[in-house]
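Novice: fold the following, please.
(2 chains)
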Amino acid sequence: MTYKFFTPSLLSRIGILLFLWLAFTALSPNFSSFSNVYSVFEGFAIAGLVAAGVGTTMLVGELDLSVGSVAAVAGIIAVQCTGFGLVPAVLIASAVALVYGLAQGWIIARTGINSLVFTIATLILVRGVAFAMTPTAVLMPMDRIGMSDFLIFRLFIFSPFSLTTICVITALGLFLGYARWGREMMAFGGARNEARAAGLNMRRPIIIAFAISATLAGLAGSLASIKSASAAPFSYEGMLLTGVTAALVGGVSLYGGKGTMFGVVIGVLILRVLTAGIASRGAAVYVEYLATGVILLLVLVVEFTTESPQRRAWSERRAFERQLAAVSVPA
Amino acid sequence: MSTIVETAAKPRLVMSRAKAFNVALAVGVVVVLIVSGLTQPEFLSADNLVATVRAAALIGIAAVGMTFITLTGNFVSLSTEQTAVITAILCAMALGAGWPMWAAVVVPLAVAMVIGALQGIFVALGLNSIITTLGAGAAIFGIANVITNSKTIQARVPDPMWLGTARPLGIPIQVWIFVVLVLITMVVLRKTSFGRTVKMIGSNSNTARSSGLRITRAVVASFIIASVFAGICGVLLVAQVNQAKTLNFTGFNIDVVAAVLVGGTAIQGGEGSTLRTALGAIVIAMLTNYMLLAQYEYGTRLIITGFVVGGAVIAFNWVRGKSSS
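Specialist: Reported below is the predicted structural model:
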């Protein structure tokens, strides 16, 4: 297989992750304690699902801004359905999110409206649905509180929640890497015009991508809400920022077609270690917010200087000019 | 010959469609006004109308600024709310520290200008505008919380209150500022080379680039305008309530984006006007006010706003798609 898994950019990201971990451990030895590693992975469990979903829409060259609202609605549905049991509640909530994602993807693919703009409208609408479902607009407690015990049950440094996330992201990575429709999505995201010329289906990749992002956001929202034994209509608003930042840090390109799910995992871990590290230094919550924003801008600049179409066109032009100069000098 | 006739006929069609949008929006405003007046009599009371137009003015000022970003084809800014917040906080802090009023207004607006310029430079380089403004918004909001420690800042001086509460000719001063800014931006977009450049970038950035237009400058200027207009909203709020806190403008981004999109500025850029955005802002403010009076739940209000925005985006996209093919 010519496909290289450990590319230099992925290795450098793993290096950054290890460096951050060692640095924070050196600053506060408690950082590598079992309970802290466990809490880093718990944060990873939520953010990882969202980042994988948002990352998938980025891979096809689109972006789903409505993930936070979808997670809130899914959380409310899951908490209301706990009477059926843990697994059915999560499945029902995720299925609702899947149907919503298919519909959203279909509208975007059908109309060709820019997904950035369309999902701003659905972000408002779905958040409204979350508030409409909880008339008192306050925390909605779960009837069967004991159910959350299963999710916070500790296996070494993992919980059933973080293990679920790892399994889902692995499955998604295999789908994108080896399944026919997954490969089609990567090809479509990297070169849309060429994909059209090659006769690929122009709607299927978009619909699947939005279905995946909504389903994963729904899964994240329902699991997190059951874990905390409550759901609130205003929760998960920061999810979009975390998800996009983590996917970008993990090397998913905003220009489509480039990135791996393993990279997303590394990106989420880098972000979680960083925020956990800042929190361990005793900073307030909004400092984490500030840090995430700054990281997002930094990654954006780095990604732009290395990956963007403009940059690629610029270096091609330079190469052409150099060739031209080489030809014209001897004459 | 027939081709000449067709090409000659087309511009007139485009003009009439643009006019049709304005007429449709204006009719929408009137219909909402009549329906709300009939179903909620207090909607038409003087106090309520003043409150509505004041809300419309704040949304409208920010939305008119954002229209420039949309026209250049860079969609919308998601840092408007945060820019307004930080300007308001700086203004309140400056007034509280005993600065003269002009300095307490000019310096925060200069900060807003720098914030806008930085984002504009990023976007002009080719970075995604939504992600840039999302990140910038998070960073600005974090900074605002750090400098205030998440507490309310009191301006402590009643002097600037005239700016927020005065009503020359019975109309709140915010509305006067809104109207003046709409008129100025209309002239700028139609009559100046900068305005035409902004529209040209949006309708065809490649042509604009190969025609030698200064794209970077125009995009940066658009972000500065949007940012300063958002800052004006922040200053006006401080003048009105004499204090500022980080949660002052919660939900403002949504209202402003909704106003631009309902106003029918083409999301791919190039087509639209600040007058239409102003009408969009009035529609959104009236809708919100009516839903508040009719005691709709917050969730219902968000759902309706979401449907209006999504519907407007799909409808305008459909109309444009039909006409271009």
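
Novice: strands of chain B, residue ranges please.
Specialist: B:153-154, B:243-244 (DSSP state E).

Novice: list just the one of these that sits closest to A:Phe131.
Specialist: strand B:243-244 (26.5 Å; Cβ to Cβ). Glycine gets a C-beta too; all of them are placed from N, C-alpha and C.

Novice: to what extent is A:Ala95 buried, counted in neighbours?
Specialist: Counted with other Cβ atoms under 10 Å in any protein chain shown, residues neighbouring A:Ala95 total 14.

Novice: the helix or strand harbouring it near chain B anywhere?
Specialist: If you go by DSSP states H and E, A:Ala95 is part of helix A:86-111. Yes. Helix A:86-111 comes into contact with chain B (Cβ under 8 Å from any Cβ of the partner chain), by way of A:Ile107, A:Thr111.

Novice: what's downstream of that helix, the next helix or strand?
Specialist: helix A:115-133.

Novice: now that next one, how far from the centre of its chain.
Specialist: Put simply, helix A:115-133 sits 18 Å off its chain's centre (Cα atoms, centre = their mean, to the nearest Å).

Novice: any idea of the mean pLDDT in it?
Specialist: Averaging pLDDT along helix A:115-133 gives 88.

Novice: cool, stretch A:38-52 as well?
Specialist: pLDDT averaged over stretch A:38-52 gives 87.

Novice: got the contact list for B:Val309?
Specialist: A:Ile120, A:Ala121, A:Ile124, B:Val257, B:Ala258, B:Leu261, B:Val262 (Cβ atoms under 8 Å, 6 or more residues apart in numbering or on different chains).

Novice: how many other residues sit next to the first one?
Specialist: Put plainly, it is A:Ile120. By other Cβ under 10 Å, neighbour count at A:Ile120 equals 27.

Novice: how near is A:Gly190 to chain B?
Specialist: Computed as Cβ to the nearest Cβ, to the nearest Å, the A:Gly190 to chain B distance reads 17 Å.

Novice: what secondary structure does the nearest residue to that residue once chain neighbours are set aside sit in?
Specialist: Among residues not flanking A:Gly190 along the chain, A:Gly257 sits closest, at 2.4 Å (Cβ to Cβ, 6 or more residues apart in numbering or on different chains). With DSSP: H, G, I helix; E, B strand; the rest coil as the basis, A:Gly257 sits in coil.

Novice: residues touching A:Gly257, list them.
Specialist: Per Cβ under 8 Å, 6+ apart, neighbours of A:Gly257: A:Leu59, A:Val60, A:Gly61, A:Met186, A:Ala187, A:Phe188, A:Gly189, A:Gly190, A:Ala191.

Novice: list phi and psi for the closest residue to the last one other than its chain neighbours.
Specialist: So that's A:Ala191. Distances taken as Cβ to Cβ, 6+ apart put A:Gly257 closest to A:Ala191, at 6.7 Å, once the chain neighbours are dropped. Backbone torsions for A:Gly257, taken as degrees, to the nearest 10, come to phi 80, psi -10.

Novice: model confidence for A:Gly257, exactly?
Specialist: On the pLDDT scale, A:Gly257 gets 75.

Novice: separation between it and chain B?
Specialist: 15 Å.

Novice: just A:Gly259 next, same as before
Specialist: 15 Å.

Novice: ok, that residue - how many residues close by?
Specialist: A:Gly259 has 25 nearby residues by other Cβ under 10 Å.

Novice: re the thing from before, quickly name whichever of the contacts of A:Gly257 is closest to chain B.
Specialist: A:Gly61 (11.0 Å; Cβ to the nearest Cβ).

Novice: number of nearby residues for the nearest residue to A:Ile212 once chain neighbours are set aside?
Specialist: Nearest residue to A:Ile212, sequence neighbours excluded (Cβ to Cβ, 6+ apart): A:Thr56, at 4.7 Å. The number of residues packed near A:Thr56 is 30, by other Cβ under 10 Å.

Novice: ok, the one 4 residues further on next?
Specialist: By the measure other Cβ under 10 Å, the count of residues near A:Val60 is 26.

Novice: got a pLDDT number for it?
Specialist: Looking at A:Val60, the pLDDT reads 89.

Novice: residues touching B:Ala55, list them.
Specialist: B:Ala285, B:Thr288, B:Asn289.
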